[in-house]
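Q: what follows is a predicted structure for the sequence shown.
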Protein chains: 2
Amino acid sequence: MTASPAGVDPPATCEDAPAQRRRRDAGRTRQVLLEAARTRFARDGYAATTVRDIAEEAGVNVALINRYFTNKEGLFEACLTTAVTDVRRDENGVPVDGIAEGIARRIGGAADDDRLRVALLLLLRSSGDDRVDELRRSVLHAVSEKMATAAGGADPDDAALLRAQIVLATTLGIVTLRSSLGLQPLASATEQQLLDPLRDLVQAVLPGAGTPS
Amino acid sequence: MTASPAGVDPPATCEDAPAQRRRRDAGRTRQVLLEAARTRFARDGYAATTVRDIAEEAGVNVALINRYFTNKEGLFEACLTTAVTDVRRDENGVPVDGIAEGIARRIGGAADDDRLRVALLLLLRSSGDDRVDELRRSVLHAVSEKMATAAGGADPDDAALLRAQIVLATTLGIVTLRSSLGLQPLASATEQQLLDPLRDLVQAVLPGAGTPS
DNA sequence: GCCGGTAGTAAACATCCGCTGACATACAAT
DNA sequence: ATTGTATGTCAGCGGATGTTTACTACCGGC
């Protein structure tokens, strides 16, 4: 017992975590798995990502994916759910005016906002499952509705919704071209450099979008 | 010889093609394969598309993919080359002014312009091969340069290029949201309905973009 | 201490994937 | 008609993929 045959780290030195970290923690491994899957799915897409890749990146046994998420599809759905949460939370935190500022910050912001960029990329990835696709669609629809409402007042008509969705398309397109393609100079443009064009764009496309300056 | 044992159609009735169609035509099968691969790759992405799928859709034996394109990667590269050609040809055919009109027509135009939409989607798909990715990048860069030049005069600086790439991002984003997500009302918007917002957008984002009306 | 249930592991399974080589057939030149 | 070559077919290989199963190690409560 004192010298376990296969143990790499005997419990002599405690871990660096605030509380001593358990070696076996279902919630934690679930979280690590989810995090690894998010980045992989967002970067490479569903089909190009293997469960073994995810497990290795998470430092976890492959079989645990099936234990905690039933199957690969379930893991993807869980990732998408976290992405939906991220997007919704971000929506609430942003002021109603300053749409362009919000987009620029989300797209080109500091590295700690990377989570939101991953979430946006995830919303563009499809696993082929119709039910999950419907989830993606409904979230993006809600986002565009929110944007249209913020720009033009309550209960936007189809024309206003269309304009909001065009702005949304711009946002998603920029994120894609930046992270997946690395198209220069767009890919290395700072938040500040993005702001001016985006302000022009939003102001022109969205009816009644205030000019906060 | 007169009654071939496995022949399905003896050459009694000639095919409907203008000249009698040969039963074995390398160029034609190559073309059919390329066509099937384009739509599949554009719709489902590289990894999610199998060579067996492509061959079946083309009505052709799987092994012929390797015969004519070496491997799956080669087939994808050939698809991308046709997409590049399509985009370049389309660029030349469009007048310098009326950028918004051009985008609207390409995005929401008649069904016979579907080839260009497939080409645009293909440019967003990656096979993971660095050399092919560089091709995608260079083409999109050239497109944005052309757009910036058309809008603001020769030799655009980085700021002008950035603005053109934002418009390009809008274009690609709209195509994605329409065909891959089916986001309403954007997905079913007609060319005419897209035109007004796009005119506003282009006019605001691109410096010196003329107002042709 | 020990013991039940939970967390994690290892190995294998069934299937699918891209690809290849040997073979069969159609075409064209002779 | 014969023959050489281009074109297409077929079966299968080696490997990767998602998933399952049988097993071990750990933890917390008694």
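A: Yep, that arrived. Numbers count the residues shown, from 1 in each chain, chains lettered A, B, ... in the order given.
Q: what's the offset of the helix or strand where residue A:138 lies from the middle of its chain?
A: According to DSSP states H and E, residue A:138 maps onto helix A:130-152. From the chain centre to the centre of helix A:130-152 is a distance of 15 Å (Cα atoms, centre = their mean, to the nearest Å).
Q: flag every buried residue along that helix.
A: Neighbour-count burial for helix A:130-152, counted by 16 or more other Cβ atoms under 10 Å in any protein chain shown, picks out A:132-133, A:135-137, A:139-141, A:143-152. Using the backbone N, CA and C atoms, a C-beta is placed for each residue, glycine as well.
Q: kindly report the same for stretch A:71-80.
A: Of the residues in stretch A:71-80, those buried by neighbour count under the rule 16+ other Cβ under 10 Å are A:72, A:75-80.
Q: closest point of chain A to DNA strand D, which residue?
A: Ranked by Cβ to the nearest atom of the strand, the top residue of chain A for proximity to DNA strand D is residue A:71, at 2.8 Å.
Q: so what's residue A:200 closest to, chain neighbours aside?
A: residue B:204 (4.4 Å; Cβ to Cβ, 6 or more residues apart in numbering or on different chains).
Q: what does residue A:115 give?
A: residue A:86 (6.0 Å).
Q: ok so, going back, please flag which of the buried residues of stretch A:71-80 sit within helices.
A: In helices, defined here by DSSP state H, the members of these are A:72, A:75-80.
Q: just send these back as JSON lines, with pLDDT too.
A: Shown next, in JSON lines, are those (pLDDT from 0 to 100):
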{"residue": "A:72", "pLDDT": "98"}
{"residue": "A:75", "pLDDT": "98"}
{"residue": "A:76", "pLDDT": "98"}
{"residue": "A:77", "pLDDT": "98"}
{"residue": "A:78", "pLDDT": "97"}
{"residue": "A:79", "pLDDT": "98"}
{"residue": "A:80", "pLDDT": "97"}
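Q: just give me how far the lowest-mean-pLDDT helix or strand in chain A sits from the chain centre.
A: For chain A, the helix or strand with the lowest mean confidence is helix A:99-108, at a mean of 90 (criterion: mean pLDDT, DSSP states H and E). Centroid separation for helix A:99-108 versus its chain: 15 Å, with Cα atoms, centre = their mean.
Q: circling back to that earlier point, contact partners for the residue nearest to residue A:115?
A: A:115-116, A:119 (Cβ atoms under 8 Å, 6 or more residues apart in numbering or on different chains).
Q: any low-confidence regions in chain A?
A: A:1-22, A:94-97, A:110-112, A:209-213 (pLDDT under 70).
Q: and with 90 instead?
A: A:1-24, A:89-99, A:102, A:105-106, A:108-114, A:150-155, A:207-213 (pLDDT under 90).
Q: residues of it that sit close to DNA strand C?
A: A:24-26, A:28-29, A:60-64, A:67 (Cβ under 7 Å from any atom of the strand).
Q: I'm done for today, thanks for sticking with me.
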